[in-house]
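1. coordinates only, sequence not included:
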C-alpha cells in the first residue's frame, strides 16, 4: 500500500491530530519569524551608531573624554574610549552567544530529567521552542549583568556632571575652576558636559565649542599640544553645526563618508531582511489559519 493510500485510510482522529500538529508547528515558526522582524527593526534603528563606532566616530557625544591634565581630577575610574568600548561590546557579544547557545542545551537536558517536561518535549517543535526560551533567558541575564556592571561608574559620572540651570552648578565645573588648567582645556571638557546634559544644553555647548574653534584658529600649534581627541571635536561640531569647521576635524569627514556608505548598505540589507521576514511570517500565518479552519470544518461535520 502506498503512503498516500495509507494516509487516506487513517482514522479521522489521527488525521485531525496531524492537522493540529502542522498548525502548531507553523505557529511556532510564525512566532520565530515575527521575533526576527522585531530584532531586525531594532537593528535598523541602532545600526548607524554601531557602524560609526566601528570607525571610532559617533553621531552624538556619548562619553566624556578628558585631557591628560584633567584626568587627575576624576575621583573614580575613567571610562574607556570608543574603540575599547567596541572591543568590550564584541567580547560581551561573543560571551553571550557562547554561554546562551551552550547553556540552552544544558538547561534543556537538565529539564528532561523531570517527568513533567519529558511529556512536553516529545515533539521536536516543542524542544526548539523550549531551547529558544532558554536562550533568551540566558541572554537577558547576561545583558543585565553587563549593563549593571557599568552602572556604578556611569552614575558616578552623571552625578559629577549634573546641574539644573547653569553648568557652573556642576561639581566638575567647580573642580575645573579650582584646578590649574587652561581655559581651552576647560572649554573642551565643559562643552562635552553640556552636550551630555539631558536635555542637551546647546546654548552652553555652543559657547564653549566656539571658544575651541577660536583657540585653534588663533594658535593651531599650541592647540595641537593639548592633545584633544580629534574624533570628539568632530562629534561636537557635527552635533551642533552639522559639519566640520576646523582643520583638525575636517580630515575625519572622509572617514565619516565611508561610515555613512556602509551604514546605507547595512540599512538596505536590513530592509530586505525585514520584507522577507514579513512575507514569510504572513505565509506561515495564512497556512496555519488554513489548517485550523480545515480542522474546525471537519470537526463540525463530524458533530453534525
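-> Thanks, I have the structure now. Everything numeric here is computed off the predicted structure, so don't read it as measured data.
2. how near is residue 159 to residue 71?
-> Remark: distance between residue 159 and residue 71 (CB to CB, to the nearest Å) = 18 Å. Heads up, the C-betas are built off the backbone N, CA and C, glycines and all.
3. the more surrounded of the two?
-> residue 159 (12 against 9; other CB atoms under 10 Å).
4. which residues does the nearest residue to residue 188 once chain neighbours are set aside contact?
-> Distances taken as CB to CB, 6 or more residues apart in numbering put residue 228 closest to residue 188, at 5.5 Å, once the chain neighbours are dropped. Residue 228 makes contacts with 65, 67, 188, 212, 248, as judged by CB atoms under 8 Å, 6 or more residues apart in numbering.
5. so for residue 228, what's the pLDDT?
-> Looking at residue 228, its pLDDT stands at 91.
6. separation between it and residue 221?
-> The separation that residue 228 has from residue 221, given CB to CB, amounts to 14 Å.
7. low-confidence ranges in the stretch 101-250 of the chain?
-> 115-123, 125, 147-153 (pLDDT under 70).
8. report the secondary structure state of residue 142.
-> helix (DSSP: H, G, I helix; E, B strand; the rest coil).
9. so it makes contact with residue 100?
-> Yes: here residue 142 lies in contact with residue 100, judged by CB atoms under 8 Å, at a distance of 7.0 Å.
10. helix or strand: which one has the spatially closest residue to residue 230 that is not a sequence neighbour?
-> The spatial neighbour of residue 230 that comes closest, neighbours along the chain excluded (CB to CB, 6+ apart), is residue 248 at 5.0 Å. Residue 248 is part of no helix or strand when elements are defined by DSSP states H and E.
11. and residue 248, what is it in contact with?
-> If you count contacts by CB under 8 Å, 6+ apart, then residue 248 has 216, 223, 224, 228, 230, 233 around it.
12. so what's the residue count around residue 238?
-> 21.
13. Provide a list of residues in contact with it.
-> 59, 244, 256.
14. between the two ends of stretch 54-65, how far is it?
-> 18 Å (CA to CA, to the nearest Å).
15. now do the helices in the stretch 51-200 of the chain.
-> Along the stretch 51-200 of the chain, counting by DSSP state H, counting those that start in this stretch, helices occupy 68-71, 82-111, 115-120, 124-161, 171-178, 183-196.
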